[in-house]
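Visitor: Just need the structure, nothing else, for what follows:
(2 chains)
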Amino acid sequence: MKDVGGEKRFSVIMNFNSQQYAIFLPVVFLLYWGMPHRFRWGLLLVASYYFYMSWNPQYVVLILGTTIVSYISAIILERTESTKQKRLIIAVASLICLGVLFVFKYFNFVLESVAYVCAQLALPLHPVTLQVLLPVGISFYTFQTLSYVIDVYKGKVKAERHFGQYATFISFFPQLVAGPIERTQNLLPQIKSVKTFSYDEAVYGLRLMAWGFFKKLVVADNAAIIVDNVYGSLDKCTGFDLLLAVFLFTLQIYCDFSGYSDIAIGSARILGIKLMTNFKSPYWSSSLKEFWGRWHISLSTWFRDYLYIPIGGSRCSALQHNINIMITFLVSGLWHGASWTFVFWGGIHGLIQVIENLLGFNKIERRGLRKVLSIMFIFAVCNIAWVFFRARTISDAFYILGNIIIPIGGIDWFMYSGVGITIFDVPSLLVPIFVIFAFDYVSLKQDVLEWVSHRRLIARWGIYIVIIYWTILKMPLATSSFIYFQF
Amino acid sequence: MKKFIIKIVLITLITFVPIVCCNYIVDPANIFHDDVVNQIAEYLNVGHIVEAPANMDEGLLQERRIASMECAPETVIIGSSHVMYIPFDYENIYNAGMSGAYLGDYYSIVGLLKYYDKMPKRVVIGVDPWAFLRDATAGRQATINKYAVYLKNGIENESAFDDKHLRSKMAYSKLKELYSLSYFQSAKKSLEQNGFSAIEKTVSLADDAEMGAKQKILPEGRYVPPTAGFHNTDDIDKEINEQIKSGSIYQLGQGFTDVHSQRWKDFERLIKYLLDNGIEIQLYLPAWHPKVYELFATDDKFLGVIKLENDVRKLGEKYNIPVHGSYNPKFNKYNTEDFMDWLHLKPNKMYLDYQSIH
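Guide: Down below sits the predicted model:
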């Protein structure tokens, strides 16, 4: 017998879509605005650590350790004048922060990959793998601490002296487990500043949260039922099943992650803190370059500022520029998960962007039909790339793509009745998908949530009630965790 | 700030007042209209046959029945719908099977028997693979989960059995269902399916134990399936194909590769507790449909089913407990015609298994 599955380690897991969070956030809200400013960072710190420990109390040591290392490193960096010593300090700090990430996230992957290569060379190797659970949010807070230390090294920001406020910046609960990966310049001053309650900001935050829950519970979680079934039993699926699952996963991951981001940004907003925007209607992009300016913006700008530009960016030869793009996207893929499927996914995105550059695609002005076709093309590319992101193995991904192109079997309209979903449920999934696409389209031109605030009372409240009841009635009974929590 | 809080309260009320009203009035599992369950328990305890209302809280019924039993039955059957339909035909037996029972439900029933001082001489446990997908205190029947906690605490520390105030702790679990969103969805479904008749709460008695349009509950706790519950072999094949295609076999979900070690320990601890208290135990492995079993035997994702059967047999040998039946339908020479649907044997065919038990 062995322990199976990722068991919960603590009695109260604080997912955004849990009852616990529905109690936790109002309590923090009331205490936060009810206490004098000078104590607020302390409350946020305690709340954030409680939030994090609800996932696994033991891993608090890691976030605390990373915080201490980056805090001390930044202060020493600022005091050191010698460039050589500065480089040494930043190398040690980065090595420690990335070392923790490596041990927990990549150690097994590297060993298994080496063992695989050795096996191919007839050199059998039996590596000892670590039986550890990936600490939730480790990729996110490691990158946040790294960006802080690098910014101090470059002199962009001053080293923070107040350890408590710095620890709050690293662990701020709305964005702790899955971002947005905040920059020091944006978040830390907000934690320190004196804030007064703003009714409009708080209401905006709630609207954003409601919209995030709608995307997560109505679209992502319902799509997940079909996607998980298909990806879990590929050999039993028809070409149509595979196509449907590929399409639905493209929407699932968007609604899941952007839904999470909306809830995170909304939660922070009601506490008077503005987190950076993480998604801007990405599936309406007409090039992959544009897509990455709209998808997971906090990560893509992180890679731009701390990897792509330092290795040369676009201010170099065309060949080097394209190599830089490939490196950035391959590393980005690896950041998402310790598996070759993620690297492959990153590689596809990098390669298409290289092709866009070579064809001068980004210099062409796209309007009218050309723009529509470009949007559809980029959406199709995303669909294909997501197959590698979701599939268990690269060969599974190729199996899916191969069998979509050459369909196997016919259309079994009732295939999902075994899990309580039939083809008749598809419209109830398509309508919210349409609403989300329409919302995103309008968002390109104006802030829809701001637009709602200027409607008449009856219309405004009507919209709230429709969204709330739609979410309640259509969410699956067993909702799943957010996909990006695993990264 | 004040305006914001008032609006929050207002929107919470607008959201939850209709939910609370709907949950209370429609009450698809008769949690708040427990007079219905009380009445069913009362009828059954005096020997009547009752037509089972749709979506009845089976846990609550078990609590009411066991609480009001005059004396302990000789044999109690524990398990899922795999045992609920078994036609035991001798006196002084009580079938406490509940739909889709998990390990936590096994604990709840034994906890109930202990709490109300109705421990039998013999317990027959129908062991289902999915039972091990949840912890020993997380049964499907939430209403009686507290008895699982009571038993588990008591097994770990004898003094916990002194807690005689469980009923007063129930109020909160009931209250939770009032504003439960999943219960609201069930209420909505019930309204869609039954219209306003979903709101009517009446108990109908049946004249006999023969199969009819509705499912019946017999005084000994056994259920008689409705005639519509018998599917033809084509439909059964279709049901199985859908399950296999979706990759999700009933409560087993997408796969069952192994038994969680802690849950197995808790199961063994339950067995040991019963044996230590002088109760005879018999274990029963309900047969699966040949096509489903074939999947279990060939698909790595379901290897845990075969492993579990082996483990149950080893457990039987370890404690000298008889283990009857098998997940493998060939064990009792069942074929596809012996099943009333993709999951259940026909009750008269189950009789064969019962014979093998005794």
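Visitor: from what I can see residue B:349 touches residue B:335, true?
Guide: No - applying Cβ atoms under 8 Å as the test, residue B:349 and residue B:335 come out as separate, 9.8 Å apart. No exception for glycine: its C-beta is placed from N, CA and C like everyone else's.
Visitor: and those two? which has more neighbours close in?
Guide: Remark: of residue B:349 and residue B:335, residue B:349 carries more neighbours, 17 against 12, as counted by other Cβ atoms under 10 Å in any protein chain shown.
Visitor: So for the more buried one, what's the pLDDT?
Guide: Model confidence at residue B:349, given as pLDDT, is 76.
Visitor: Kindly report the same for residue B:84.
Guide: In this model, residue B:84 carries a pLDDT of 89.
Visitor: which residue ranges form the strands in the stretch 1-150 of chain B?
Guide: B:49-51, B:75-78, B:93-95, B:122-126 (DSSP state E, counting those that start in this stretch).
Visitor: and among these, the most buried is which?
Guide: Per residue and on average, the most neighbours among the strands of the stretch 1-150 of chain B fall to strand B:75-78, with a mean of 25 (mean count of other Cβ atoms under 10 Å in any protein chain shown).
Visitor: Can you show me the CA trace of that strand as CSV?
Guide: C-alpha atoms of strand B:75-78 as CSV (Å, rounded to 0.1, in the frame of the first residue of the first chain):
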residue,chain,number,x,y,z
THR,B,75,-27.0,-9.3,12.0
VAL,B,76,-26.4,-5.9,10.4
ILE,B,77,-25.4,-5.4,6.8
ILE,B,78,-23.2,-2.5,6.0
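Visitor: so what secondary structure elements neighbour it?
Guide: strand B:93-95, helix B:103-115, strand B:122-126 (3 or more Cβ pairs under 8 Å, 6 or more residues apart in numbering or on different chains; DSSP states H and E).
Visitor: Distance check, the residue in the stretch 51-200 of chain B that chain A sits nearest to against residue A:31.
Guide: The stretch 51-200 of chain B approaches chain A most closely through residue B:182 (4.7 Å), counting by Cβ to the nearest Cβ. Counting by Cβ to Cβ, to the nearest Å, the separation of residue B:182 from residue A:31 is 30 Å.
Visitor: Quick check: the gap between the residue nearest to residue B:210 when sequence neighbours are not counted and residue A:382.
Guide: Nearest non-adjacent residue to residue B:210, counting by Cβ to Cβ, 6 or more residues apart in numbering or on different chains: residue B:224, 7.6 Å away. From residue B:224 across to residue A:382, the span is 55 Å (Cβ to Cβ).
Visitor: I'd like the domain boundaries of the chain, if you could list them.
Guide: Using chain A. Per automatic domain parsing, the domain ranges recorded for chain A read A:19-189, A:200-286+A:366-486.
Visitor: To clarify, I was referring to chain B.
Guide: If you go by automatic domain parsing, chain B breaks into B:1-28+B:172-200, B:31-164+B:201-357.
Visitor: which of those is buried the deepest?
Guide: Of all the domains of chain B, domain B:31-164+B:201-357 has the most neighbours on average by mean count of other Cβ under 10 Å, namely a mean of 19.
Visitor: Give me the pLDDT for the residue lying closest to residue B:19 once chain neighbours are set aside.
Guide: The shortest distance from residue B:19 to any non-neighbouring residue, by Cβ to Cβ, 6+ apart, is to residue B:184 (4.8 Å). You'll see residue B:184 listed with a pLDDT of 88.
Visitor: Likewise for residue A:164?
Guide: 93.
Visitor: re the thing from before, turn the helices and strands packed on strand B:75-78 into CSV, columns for mean pLDDT.
Guide: Shown next, in CSV, are those (pLDDT from 0 to 100):
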stretch, mean pLDDT
strand B:93-95, 91
helix B:103-115, 93
strand B:122-126, 92
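Visitor: Hmm, residue A:219 and residue A:470 touching each other?
Guide: No - using Cβ under 8 Å, residue A:470 is not in contact with residue A:219; the gap is 10.7 Å.
Visitor: neighbour count winner among the two?
Guide: Legend: neighbour count by other Cβ under 10 Å for residue A:470 and residue A:219, higher for residue A:219 (25 against 17).
Visitor: In contact with the more buried one, which residues are there?
Guide: By Cβ atoms under 8 Å, 6 or more residues apart in numbering or on different chains, residue A:219 lies in contact with A:251-252, A:255, A:259, A:429, A:432-433, A:436.
Visitor: tell me the centre residue of chain B?
Guide: Closest residue to the average C-alpha location of chain B: residue B:98 at 2.3 Å, with Cα atoms, centre = their mean.
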